[in-house]
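[1] Model the structure of this input:
(one chain, ligands or ions: 1)
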Amino acid sequence: MERPLERRAATRTAVVWEACRRRLEQAGPDQTVLDIGGGTGGFAVRVAELGHRVTVVDPSPDALAALDRRAREHDVAGRVTGLQGDLAGVSELVPARAADLVLCHGVLGLVDDPGGALDVLGGLLRPGGALSLLVGQHHAAVLGRAMAGHFSQARDLLSATEATASETVAGADHERRFTADEVRGLLAASGFSLAEIHAVRVFTDLVPSALLDLEPGAVDGLLELERAVADRPEYLTLAAQVHALATR
Ligand SMILES: C[S@@+](CC[C@H](N)C(=O)[O-])C[C@H]1O[C@@H](n2cnc3c(N)ncnc32)[C@H](O)[C@@H]1O
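    Numbers count the residues shown, from 1 in each chain. Down below sits the predicted model:
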């Protein structure tokens, strides 16, 4: 049975995990999966537990060591490979056009050239393969800054024009965020066809954790709510993250 902390963490990842799992189920057994910037393997190990082969590419040796430990603890070390490297150089580490599914979660906002990065990711996919892209969403960042009392940071983000909406704002963290329209535009420019787009963490980041601890069943209720709005486009502007599944 999941512990309370794990169940709360599930409210942050459930929508993305369930979309990836559906895609893997539709595509069949023994898929080849690449997780670019996969970190300590929170997703990669779960994918390997479904019977697929996963290669994680990440620049952090510490993350790769944790990935290795996690894979061994879950008895999937034989299906998980960690490679040290970054998105820009990934084509030199893994074969071109060989992956059934490429995960790029929480990484596009860290690179200098998101459009170029999507071109690289597209080159890793076999024909008909899919990209799972997860990015921070611009408008929720404005709300988040305001809710935390950082009103001038919220104003700086708010007054960014659509063209500069994804620019890093001074004093904030260094992750670039995107609007859902920017995600659609970037994917189209790199030759992807959008299959699904999801609103992720619409409520989870706004609900005080004390409330979840106090109220029995609150975590399950929150999870159901997140699932209920994930496919509703009107919630994309409120979502902390946007998740896209796209093929090429
Ligand atoms: C926010 S974490 C996301 C980890 C994981 N994908 C997840 O969703 O939980 C960002 C990860 O990207 C890695 N990273 C940072 N810059 C990168 C780059 N240029 N190329 C590939 N990975 C990068 C970091 O080491 C870190 O593990």
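
[2] rest of the way, CA atoms for contacts and neighbours
    Fine.

[3] Flag every residue of the protein that's near the ligand.
    36-39, 58-60, 86-87, 105-107, 110-111 (C-alpha under 6 Å from any ligand atom).

[4] and those residues, which are buried?
    Neighbour counting with 16 or more other C-alpha atoms under 10 Å marks 36, 37, 38, 39, 58, 59, 60, 86, 87, 105, 106, 107 as buried within those.

[5] Same list, those, but as JSON lines with pLDDT please.
    Compiled in JSON lines, these are given as follows (pLDDT from 0 to 100):
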{"residue": "36", "pLDDT": "98"}
{"residue": "37", "pLDDT": "98"}
{"residue": "38", "pLDDT": "98"}
{"residue": "39", "pLDDT": "97"}
{"residue": "58", "pLDDT": "98"}
{"residue": "59", "pLDDT": "98"}
{"residue": "60", "pLDDT": "98"}
{"residue": "86", "pLDDT": "97"}
{"residue": "87", "pLDDT": "97"}
{"residue": "105", "pLDDT": "98"}
{"residue": "106", "pLDDT": "98"}
{"residue": "107", "pLDDT": "98"}
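
[6] Report the two of those separated the most.
    60 and 105 (15.3 Å; C-alpha to C-alpha).

[7] the longest helix in this structure is where?
    helix 4-27 (DSSP state H).

[8] Check which helices and strands that helix is in contact with.
    If you count contacts as 3 or more C-alpha pairs under 8 Å, 6 or more residues apart in numbering; DSSP states H and E, helix 4-27 packs onto strand 193-200, helix 218-229.

[9] Deepest-packed of these, please.
    strand 193-200 (a mean of 20; mean count of other C-alpha atoms under 10 Å).

[10] Return the list of strands paired to that one, each annotated with direction.
    Next to strand 193-200 in the sheet, as set by DSSP bridges, lie strand 241-247 (antiparallel).

[11] contacts for the strand it pairs with?
    Strand 241-247 is contacted by residues 16, 128-137, 180, 183, 187, 192-202, 236 when judged by C-alpha atoms under 8 Å, 6 or more residues apart in numbering.

[12] tell me the domain boundaries of the protein?
    Using automatic domain parsing, the domain ranges for the chain come out as 4-137+178-247, 138-177.
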